[in-house]
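K.L.:
quick one: sequence and predicted model below, then my questions.
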Amino acid sequence: MIIPKLALRNLLGAGLRTWLNVVVLSFSFVAIIWTQGLYEGMNDQARRASVDAAWAVDSTGRRITIRSMFFPSRAPTPLSRIRCGP
């Protein structure tokens, strides 16, 4: 029982300093959450833009890759045929 009394007395005795800490910490938490949301939104938009840029629609309405437009004789390389290293 003595610890809660002592804690309350310290909080009330600090006065303005306590409320200043509460306000600054609250602002910091809100700023961190807002920044994380901004980064997530930027990542989502960049991902959507890169997917939209990788596909095109030809004159028949089919979706084709940009690579097949510029290199029609080359099919996309399957991942199993890509070598990493010597």
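P.N.:
Perfect, thanks for sending it.
K.L.:
contacts and neighbour counts: CA atoms only from here.
P.N.:
Noted.
K.L.:
Thr60 in helix, strand or coil?
P.N.:
Using DSSP: H, G, I helix; E, B strand; the rest coil, the structure places Thr60 in coil.
K.L.:
which residues touch it?
P.N.:
Contact analysis of Thr60 by Cα atoms under 8 Å, 6 or more residues apart in numbering lists nothing.
K.L.:
give me the below-cutoff pLDDT ranges for the chain.
P.N.:
For the chain, the stretches flagged by pLDDT under 70 are 51-59, 61-86.
K.L.:
the strands in it, which residues?
P.N.:
With DSSP state E as the criterion, the chain has strands at 55-57, 63-65.
K.L.:
which helix is the longest one in the protein?
P.N.:
helix 16-54 (DSSP state H).
K.L.:
which elements pack onto it?
P.N.:
helix 66-70 (3 or more Cα pairs under 8 Å, 6 or more residues apart in numbering; DSSP states H and E).
K.L.:
swap in 10 Å and give it another go.
P.N.:
If contacts are counted by 3 or more Cα pairs under 10 Å, 6 or more residues apart in numbering; DSSP states H and E, helix 16-54 sits against helix 2-14, strand 63-65, helix 66-70.
K.L.:
any idea of the angle that helix forms with helix 2-14?
P.N.:
Going by axes from the mean of the first three to the mean of the last three Cα atoms, to 10 degrees, helix 16-54 is angled at 90 degrees with respect to helix 2-14.
K.L.:
quick check: buried residues in helix 16-54?
P.N.:
By 16 or more other Cα atoms under 10 Å, helix 16-54 has no buried positions at all.
K.L.:
what's the separation between Leu20 and Phe27?
P.N.:
Leu20 sits 11 Å away from Phe27, taking Cα to Cα, to the nearest Å as the criterion.
K.L.:
and if you look at Leu11?
P.N.:
For Leu11, the distance to Phe27 - Cα to Cα - is 20 Å.
K.L.:
and if you look at Thr18?
P.N.:
14 Å.
K.L.:
try Leu38
P.N.:
Leu38 sits 16 Å away from Phe27, taking Cα to Cα as the criterion.
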